[in-house]
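> Sequence first, then the predicted structure:
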Amino acid sequence: MKARLKIRFAGPHVSIQDHGRTGFARFGVPCSGPMDRLAMSAANLALGNPADAACIEVSLGGLWVECCDGPVSFAVAGGGFVLEHAGQKQGNWQVGTLRPGEGLTLRRGPWGSWCYLAFAGDLCAPEWLGAKATHSQSNLGGGKLATGGGIEISMPRVTAAQAIPCPVFARPAQAIRATLGPQDRFFEPDQIAAFAKATWQLSDAYDRMGVRLKGPGLAPSAPLDMPSEPVARGSVQVAGDGVATVLLADHQTTGGYPKIATVLDADLDRFAQLRPGDPLRFRLVSPAQATAAARSAAQQRAQWLARINARGKA
């Protein structure tokens, strides 16, 4: 049995994502996966799905689907988008059920840049290198959603409607923790101070690869002749024009520009929910502080997701 949905409208950057494809970076293949990993896990667990199951990542451009064959339950978590289901407008972070003839629309709301639409069942989509996650530049994987297309969910289930509690640590943060390096040696002390003291803004040059920041120019103090090396999600890379860019889910696997700092993984989901034009500041922490923060965040999130999972399986 399958549930079938018609895509009445899909904005840019709306795609199928799962946990991503690991183990291929050495071949130049990005991991991809969700921009907000916590929100995707919450949406899946609220339905009794595995946390890393494939779902739909919705951008600020929005999504409108109509159920043709069903029923099938859904969950929405992530940014504070406006959900319209069966003619009623409401907030997201909830579980509901789509029945034949009903529509579901997700539009930008008061906060956040990405939200996740999961279904109770198996979202049918092509795999590439063992994952359904879509690589945005090549469209390999499950793929971007397009107006007029369709969605199928095999073995659909119906679960009880419920609200999903949205914790503070799932919301955007304007104080983002980062550690210096690995190429902070390319920058004079005044440039390091400017990086730490400035109020930055996300620019409109924003996609799943990364986002360029508006703020002070960070001129490297040495020729940019460093060899290309592996780069990590969260790297704050500075190009020859002095513009800082934070690398995100679809970032390239190697790069030859210096990285002045690296955003803590514990803050990356919250950073991804900032919108173009939003201000932020970087708060530099030591490696020891970063390790402690990672352990604390992992414990906090695991406990919260365990509660969501228990409710989803009830």
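Noted; the coordinates are in hand.

> can you give me how far the longest helix along the chain is from the chain middle?
Selection of the longest helix in the chain by residue count, based on DSSP state H, yields helix 287-313. Taking CA atoms, centre = their mean, to the nearest Å, one finds the center of helix 287-313 at 17 Å from the center of the full chain.

> ditto for stretch 125-135
Its chain's C-alpha centre and that of stretch 125-135 lie 16 Å apart, by CA atoms, centre = their mean.

> hmm, back to that, elements contacting the longest helix of the chain?
Applying 3 or more CB pairs under 8 Å, 6 or more residues apart in numbering; DSSP states H and E, we find helix 287-313 packed against helix 37-45, strand 175-180, helix 265-272. The C-beta positions use only the backbone N, C-alpha and C, and glycine is treated the same way.

> ok, 10 Å please
For helix 287-313, the contact count by 3 or more CB pairs under 10 Å, 6 or more residues apart in numbering; DSSP states H and E identifies helix 37-45, strand 72-85, strand 162-163, strand 175-180, helix 265-272 as packing neighbours.

> Tell me the buried residues in it?
290, 293, 297, 301, 304-305, 308-309, 311-312 (16 or more other CB atoms under 10 Å).

> could you redo the residues you listed as CSV and give each row pLDDT?
Shown next, in CSV, are the buried residues of helix 287-313 (pLDDT from 0 to 100):
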residue, pLDDT
Ala290, 97
Ala293, 96
Ala297, 96
Arg301, 96
Trp304, 96
Leu305, 96
Ile308, 95
Asn309, 93
Arg311, 86
Gly312, 82
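
> Serialize those residues to TSV and add fields for distance to Ala43.
Formatted as TSV, the buried residues of helix 287-313 follow (distance: CB to CB, whole Å):
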residue	distance to Ala43
Ala290	28
Ala293	25
Ala297	19
Arg301	14
Trp304	13
Leu305	11
Ile308	9
Asn309	12
Arg311	13
Gly312	10
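
> Run through the bridge partners of the residue nearest to Gln90 when sequence neighbours are not counted.
Of all residues not flanking Gln90 in the chain, Leu83 sits nearest, at 5.5 Å (CB to CB, 6 or more residues apart in numbering). Each beta-bridge partner of Leu83 is listed here, defined by DSSP bridges: Gln90, Leu106.

> State the number of residues packed around Leu83.
Leu83 has 21 neighbours, counted by other CB atoms under 10 Å.

> swap in Ala222?
Ala222, neighbours per other CB under 10 Å, totals 12.

> Return the per-residue confidence for the residue nearest to it when sequence neighbours are not counted.
Of all residues not flanking Ala222 in the chain, Phe186 sits nearest, at 5.3 Å (CB to CB, 6+ apart). Phe186 carries a pLDDT value of 91.
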